[in-house]
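Colleague: Predicted model and sequence follow; I will ask about them next.
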Amino acid sequence: MVRYFFTRTARMPGFEVEHNQFLRTTRTVFVNIKYRGFVLTILGIIARASSKLQLPIMQKFMFQEHGSEYSGLDTGGIVEVQNLDLPKEKQKTATRYEAASEYEFRDVLERLKVQYDQYNFIDYGSGKGAILAAAATYPFKSVVGVEHSFMLHEIATENIIKMKRRNSVVANVLHSVHGDATTYELPSEPHIIYLFNSFGADILKDVTDKITHDLADVHEPIFFLYNNPMHHAVLDDNDKFHRISSPFGGKWMVYTVNP
């Protein structure tokens, strides 16, 4: 167990990139204290420990789950690939839907220290819109999600409507697009691009090629936030992408893009 905790490995082999478990856990605790406070973080630790002991109590305080229940948005759960309304050829390279941690995202985003109102934010494979909801609380020029599954896109659209009704959207523009990430046209403006391991290496290569083509005339810094970077070799082998950090023990990788 000690060796597992201090080496690079995956909690869910096949679904999660290998990373340093100790560094990830340490930063997860720090981030939860930062955004949730000390008391809720302690409750989260107790909830996780009870789950490991097969005593499922206080599960609403779990680190990953906290947030969606209180926001009232439908962003939780796991939807396996075979249950997504995708063409057969797309299912081969798609990955299941699972909401990302809002707190991890906020921490990685805020460490960029950029002027949000100078940037567009895009989420490739945005699913039900969990990260769109988080990004929309920052004053971006636009927050856009591109999702190939019409079922998930519709749920994201409903979540966006709820957020707008509550006046909780700070971004200038917020919407979900039902479409293909490889063909979506990016405006020639500064972008922060987010990806939560939404597709395989072949699609990722097409997407990165489209990014560098569409943003070729942008001179401001462009950032690519890769959560659970199962196919980071595609970016590492691309001379236009430069890794600047590996937060959470390598469970995230952050790149700058120089088209």
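Modeller: Sure thing, it's come through.
Colleague: quick one, helices of the stretch 1-150 of the chain?
Modeller: Using DSSP state H, counting those that start in this stretch, the helices of the stretch 1-150 of the chain run over 2-6, 21-36, 38-52, 68-71, 88-91, 102-110, 130-135, 150-165.
Colleague: So which of those is the most surrounded?
Modeller: Comparing the helices of the stretch 1-150 of the chain by mean neighbour count (mean count of other C-beta atoms under 10 Å), helix 130-135 ranks first with a mean of 27. From N, CA and C alone the C-beta is placed, and that goes for glycine too.
Colleague: Check the offset of that one from the chain's centre.
Modeller: Remark: helix 130-135 is offset 9 Å from the chain centroid, using C-alpha atoms, centre = their mean, to the nearest Å.
Colleague: Contacts for it next, please.
Modeller: The contact list for helix 130-135 (C-beta atoms under 8 Å, 6 or more residues apart in numbering) reads 68, 71, 73, 75, 99-100, 102, 105-106, 109, 121, 123, 126, 143, 145, 156, 159-160, 163, 171, 174, 176, 194, 196.
Colleague: again, but for stretch 177-191
Modeller: 118-122, 124-125, 141, 144-148, 150, 153, 198-199, 203, 206-207, 210-211, 214-218, 220-223.
Colleague: Neighbour count says what about the residues you listed? Which are buried?
Modeller: Using 16 or more other C-beta atoms under 10 Å as the burial test, the contacts of stretch 177-191 include 119-122, 124-125, 141, 144-148, 153, 198-199, 203, 206-207, 210-211, 214-215, 218, 221-223 as buried.
Colleague: Can you check what pLDDT the model gives the residue most central in space within the chain?
Modeller: Against the mean C-alpha coordinate of the chain, by C-alpha atoms, centre = their mean, the closest residue is F196 at 4.4 Å. As predicted, F196 sits at a pLDDT of 95.
Colleague: Grab the nearest non-local neighbour of it.
Modeller: N227 (4.4 Å; C-beta to C-beta, 6 or more residues apart in numbering).
Colleague: my guess is that neighbour contacts L195, does it?
Modeller: Yes - using C-beta atoms under 8 Å, N227 makes contact with L195 at a distance of 6.8 Å.
Colleague: Helix or strand: which one has the nearest residue to D236 once chain neighbours are set aside?
Modeller: What sits nearest to D236 in space, not counting adjacent residues and going by C-beta to C-beta, 6+ apart, is R243, at 6.8 Å. Assigned by DSSP states H and E, R243 belongs to strand 241-245.
Colleague: Equivalent analysis for S176, please.
Modeller: S176 belongs to strand 174-178 when assigned by DSSP H and E.
Colleague: hang on, isn't Y103 packed against G37?
Modeller: No - with contact defined as C-beta under 8 Å, Y103 does not reach G37; the gap is 11.6 Å.
Colleague: Find the least confident helix or strand in the chain, judged by mean pLDDT.
Modeller: Between all helices and strands in the chain, the lowest mean by mean pLDDT, DSSP states H and E belongs to helix 68-71, at a mean of 53.
Colleague: can you list the weak-confidence ranges in the chain?
Modeller: Scanning the chain for pLDDT under 70 picks out the ranges 1-6, 63-71, 81, 85, 89-92.
Colleague: Can you give me the domain assignment for it?
Modeller: Using automatic domain parsing, the domain ranges for the chain come out as 2-70, 75-257.
Colleague: my guess is V146 meets Y124, correct?
Modeller: Yes - using C-beta under 8 Å, V146 makes contact with Y124 at a distance of 5.4 Å.
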